[in-house]
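Engineer: pasting the sequence and the predicted coordinates here, then a few questions.
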Amino acid sequence: MKGFDVIGDVHGCYDELCELLDKLGEDSERRLVFVGDLVDRGSQQKECIALVRTLIENGKALSVMGNHEYNAILKSLNLRLKKDLFGDAFCDFAISDPDFYFDTIEWMKTLPLWLDFPSLGVVHACWNSRLMRLLSPYLDSEHRIKDDSFFKDSCKDAAGCITKIADAAEIILKGTELTLPYGEFFVDKDGKVRTEIRYKWWMKVDENTRYSDVALSVGDSKITDRKLEQLKGWIGKEPPKNIVVGHYWLRSRSPDTVTLEDVSFSDKVFCTDFSCVRKGRLAAVRFDLNADDSVKGISVESVPSKNI
Ligand SMILES: [Mn+2]
């Protein structure tokens, strides 16, 4: 294998996906990897599913599960964990095209929760070895869910409480949030007041780390400089290898390109989601490998959104 091209959240942007694949070119010694969130929001969901399924069936691509696939599966089983903020564009196919809907749901269930290559890990939102071990009894050797008992057990226990398994799956697929100290808040990009922040799960923290140091996806909002109150429950850990995620709706510094600086959360953690469906760009982070599977180089390719 000469390399991996890890493509960000497609969300129904089929034309952009075709253009990006053209730019990447065909190379049987490279593997395409999708970070999940193929569906919802965009207008060409069916075309995207058909193309990605074909690529996977022909051995040209792999994809992990995104939170939108996970939520679609839970909804199909009538097990939605909590009300979601986004629309259910994919779920509308349950009425308009049930054959496609049920066939696609079964296919979504076969997507691994993460991919673990020697030089690279791919997960939709958060890499955490402890949580991955917790989930492993429910998964096969390729991190695919064995059967629907996972979804049932991962919702509520006999007392009606959300289980540790559900928590683990949610954190891997959606990331996790940290509650700000009492009285602190920020206003998000939709004008909503929030008392919880997404945080940099890959960061090493100590008694001097501040909320402002770890806040993620808060735009230009000012986050308090107070020190973290609860180090004990800190879930973050420096990952053991290069990790690529999607999910975080990044914007590149220039609208005309996505650079290595744009995709680098740290020297080991990369994010390939540049908000294509919201007038951003569809990006691929490209890893070139040496013969011993070590990383030779990292670069980025991207195409503009057609949603203008
Ligand atoms: Mn996502």
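Structural biologist: Thanks, I have it.

Engineer: walk me through the domains of this structure.
Structural biologist: Taking automatic domain parsing as the reference, the chain has its domains at 3-128+239-304, 177-234.

Engineer: mean pLDDT and distance to the ion for those domains - can I get that in a markdown table?
Structural biologist: For every residue, glycine as well, the C-beta is placed using N, CA and C. A markdown table is the format used below for the domains of the chain (pLDDT from 0 to 100; distance: least, Cβ to the ion, whole Å):
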| stretch | mean pLDDT | distance to the ion |
| --- | --- | --- |
| domain 3-128+239-304 | 92 | 4 |
| domain 177-234 | 86 | 11 |
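
Engineer: tell me the most buried of these?
Structural biologist: domain 3-128+239-304 (a mean of 19; mean count of other Cβ atoms under 10 Å).

Engineer: ok so, going back, of the domains of the chain, which approaches residue 149 most closely?
Structural biologist: Of all the domains of the chain, domain 3-128+239-304 sits nearest to residue 149, with 11.0 Å by Cβ to Cβ.

Engineer: quick one: the closest one to chain centroid distance?
Structural biologist: 7 Å (Cα atoms, centre = their mean, to the nearest Å).

Engineer: again, but for stretch 183-197
Structural biologist: On Cα atoms, centre = their mean, the centre of stretch 183-197 falls 22 Å from that of its chain.

Engineer: which residues in the stretch 151-300 of the chain form helices?
Structural biologist: For the stretch 151-300 of the chain, the helices defined by DSSP state H, counting those that start in this stretch cover 164-174, 211-214, 260-263.

Engineer: could the ones you listed go into a markdown table alongside distance to residue 78?
Structural biologist: Shown next, in a markdown table, are the helices of the stretch 151-300 of the chain (distance: least, Cβ to Cβ, whole Å):
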| stretch | distance to residue 78 |
| --- | --- |
| helix 164-174 | 15 |
| helix 211-214 | 36 |
| helix 260-263 | 38 |
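
Engineer: so for residue 28, which of those sits nearest?
Structural biologist: helix 260-263 (25.3 Å).

Engineer: packing partners for the closest one?
Structural biologist: strand 295-304 (3 or more Cβ pairs under 8 Å, 6 or more residues apart in numbering; DSSP states H and E).

Engineer: name the residues that touch the strand it packs on?
Structural biologist: Contacts to strand 295-304, defined as Cβ atoms under 8 Å, 6 or more residues apart in numbering, come from residues 5, 16, 19-20, 23-24, 119-120, 242, 252, 255-260, 262-263, 270, 274, 281-290.

Engineer: closest to residue 143 out of the domains of the chain?
Structural biologist: Here domain 3-128+239-304 is closest among these (Cβ to Cβ), at 4.1 Å.

Engineer: on that earlier part again, can you add distance to residue 147 and give the domains of the chain back as CSV?
Structural biologist: CSV is the format used below for the domains of the chain (distance: least, Cβ to Cβ, whole Å):
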stretch, distance to residue 147
domain 3-128+239-304, 9
domain 177-234, 29
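
Engineer: of these, which is nearest residue 142?
Structural biologist: Taking Cβ to Cβ, domain 3-128+239-304 is the member of those nearest to residue 142, at 5.5 Å.

Engineer: just the C-alphas of stretch 262-280, formatted as PDB.
Structural biologist: These are the backbone C-alpha positions of stretch 262-280, laid out as PDB (Å, rounded to 0.1, in the frame of the first residue of the first chain):
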ATOM      1  CA  ASP A 262      -5.800  23.900   8.300                       C
ATOM      2  CA  VAL A 263      -6.200  20.200   8.800                       C
ATOM      3  CA  SER A 264      -3.700  19.900  11.600                       C
ATOM      4  CA  PHE A 265      -5.400  19.800  15.100                       C
ATOM      5  CA  SER A 266      -1.900  18.700  16.400                       C
ATOM      6  CA  ASP A 267       1.100  17.000  14.900                       C
ATOM      7  CA  LYS A 268      -0.700  13.700  15.200                       C
ATOM      8  CA  VAL A 269      -4.400  14.600  14.900                       C
ATOM      9  CA  PHE A 270      -5.900  15.700  11.600                       C
ATOM     10  CA  CYS A 271      -9.500  16.800  10.700                       C
ATOM     11  CA  THR A 272     -10.700  16.500   7.100                       C
ATOM     12  CA  ASP A 273     -14.200  18.000   7.500                       C
ATOM     13  CA  PHE A 274     -14.300  21.500   5.800                       C
ATOM     14  CA  SER A 275     -18.100  22.000   5.700                       C
ATOM     15  CA  CYS A 276     -18.600  21.200   2.000                       C
ATOM     16  CA  VAL A 277     -22.400  21.200   2.400                       C
ATOM     17  CA  ARG A 278     -22.200  24.600   4.000                       C
ATOM     18  CA  LYS A 279     -20.300  26.400   1.200                       C
ATOM     19  CA  GLY A 280     -16.900  25.200   2.400                       C
END
